[in-house]
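# Give me a 3D structure for the following:
(one chain, ligands or ions: 2)
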Amino acid sequence: IKRVTTHTLRKMKHDGVKISMLTAYDYSMARIFDDAGIDMLLVGDSASNVMAGHETTLPITLDQMIYHASSVVRAINRCFVVVDLPFGSYQGNSKEALQSAVRIMKETGAHGVKIEGGEEIIESVKRIISAGIPVLGHLGLTPQSIYKFGTYAVRATDEDEAKKLIADAKLLEEAGCFGIVLEKIPAQLGQRVSEALGIPTIGIGAGKYVDGQVLVMHDMLGINKEFKPRFLRRYLDLYEVILGATRSYIQDVKSNDFPNENEQY
Ligand code: KIV
Ligand code: NA
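Ligands and ions are numbered 1, 2, ... in the order given. Here you go, the predicted structure:
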């Protein structure tokens with residue numbers, strides 16, 4: 001199997017081949033996604049929400065991200081694995097940012113890190129890249145700044161914020177990022193950014209004119225019952241599937257149907 005690299009991803013943009021990405025947080029799911037042929041897996045700090053049950057991504061720690069990421073890396077043969085630097089592990093201090101990124105690379109075997117923000121964190125981005133660690137940018141709705149935004153609504157709907165986003169994207173490209181995630185922005189802006197850059201853009205709620213798409217696995221598989229933003233396409237209603245299986249199991253145990261003669265020693 002030929003592994004996906006930053007070079008592969010850039011070539012995919014150049015050739016007009018869309019990049020597929022999902023989040024993963026554990027060995028068993030990562031194995032299925034990799035077997036299916038996903039190009040990239042993101043060990044997102046959305047683990048804070050979907051794995052740990054926190055309301056935001058802010059509480060998850062670097063140690064917890066490393067636990068999830070090392071589990072994912074053990075499962076994969078082909079895809080490119082990126083790990084989110086969690087809130088508080090890179091902002092403001094580029095030396096600390098590099099230390100956090102180095103820990104992720106050393107302790108998980110992942111292939112790169114993702115950082116939220118543009119100009120504000122550009123020194124951290126440069127320092128990490130100069131250590132030879134691939135960095136994926138993340139602009140638009142950046143959930144670690146949710147208390148600054150005050151809302152999960154679409155970002156950059158006005159021209160000022162759109163211009164800043166394009167400027168940030170160019171800064172990240174110049175700093176050496178191998179790609180940029182664009183979250184919850186107008187499709188037109190997603191297109192403008194993608195056309196302005198040589199590196200691939202990966203959208204989530206950023207429309208169809210970007211170079212790839214990423215979804216949170218729990219959303220895409222329908223494990224989250226309530227979360228139904230407009231940008232989400234659900235490929236399964238796994239909540240109902242698991243609910244039904246669990247009810248059948250409970251019933252079989254209660255009725256003494258399980259285990260039967262063939263299911264015992
Ligand atoms: O943490 C995450 O899942 C993410 C994606 C939504 C891009 O950052
Ligand atoms: Na994230």
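# Parallel or antiparallel, list what pairs with the helix or strand Leu139 falls within.
Secondary-structure assignment from DSSP states H and E places Leu139 in strand 135-140. Taking DSSP bridges as the criterion, strand 135-140 sits next to strand 112-116 (parallel), strand 179-183 (parallel) in its sheet.
# Tabulate the ones you listed (JSON lines), appending distance to Phe87, mean neighbour count and mean pLDDT.
In short, each C-beta sits where N, CA and C put it, glycine included. Output for the strands paired with strand 135-140, formatted as JSON lines (distance: least, CB to CB, whole Å; neighbours: other CB atoms under 10 Å; pLDDT from 0 to 100):
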{"stretch": "strand 112-116", "distance to Phe87": "8", "mean neighbour count": "25", "mean pLDDT": "98"}
{"stretch": "strand 179-183", "distance to Phe87": "15", "mean neighbour count": "26", "mean pLDDT": "99"}
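# Tell me which of those strands sits nearest to ligand 2.
Ranking the strands paired with strand 135-140 by proximity to ligand 2 (CB to the ion) places strand 112-116 first, at 6.7 Å.
# is that closest one up against ligand 2 anywhere?
No. Strand 112-116 is not in contact with ligand 2 by CB under 5 Å from the ion; minimum separation 6.7 Å.
# Residues of the stretch 51-200 of the chain that sit close to ligand 2?
Selection of the stretch 51-200 of the chain residues close to ligand 2 by CB under 5 Å from the ion yields Asp84.
# For the strand holding Leu139, which outside residues touch it?
By CB atoms under 8 Å, 6 or more residues apart in numbering, the list of residues contacting strand 135-140 from outside reads 82, 101, 112-118, 125, 128-129, 155-156, 165, 168-169, 172, 175-185, 193, 202, 206.
# which parts of stretch 89-107 are buried?
89-91, 94, 97-101, 103-105, 107 (16 or more other CB atoms under 10 Å).
# Any idea which of those residues the model trusts least?
Of all the buried residues of stretch 89-107, the model is least confident about Gln91, whose pLDDT is 89.
# who's in contact with that one?
Listed by CB under 8 Å, 6+ apart, the contact set of Gln91 reads 97, 117, 120-121, 124.
# Now it: which helix or strand?
Element membership for Gln91 (DSSP H and E) is empty, with no helix or strand holding it.
# measure it to Glu123 for me?
Noted for Gln91: a distance of 11 Å to Glu123, by CB to CB, to the nearest Å.
# pretty sure Leu232 contacts Leu221?
No. Between Leu232 and Leu221 no contact is recorded; they are 11.0 Å apart, counting by CB atoms under 8 Å.
# who has more neighbours, the two?
Leu221 (19 against 15; other CB atoms under 10 Å).
# Verify the contact between that one and Glu240 for me.
No. Distance between Leu221 and Glu240: 11.2 Å, which falls outside the contact criterion (CB under 8 Å).
# State the distance from the closest residue to Ala69 other than its chain neighbours to Ala30.
With sequence-adjacent residues excluded and distances taken as CB to CB, 6 or more residues apart in numbering, Ala69 is closest to Thr108, at 3.9 Å. In this structure, Thr108 and Ala30 are 12 Å apart, going by CB to CB.
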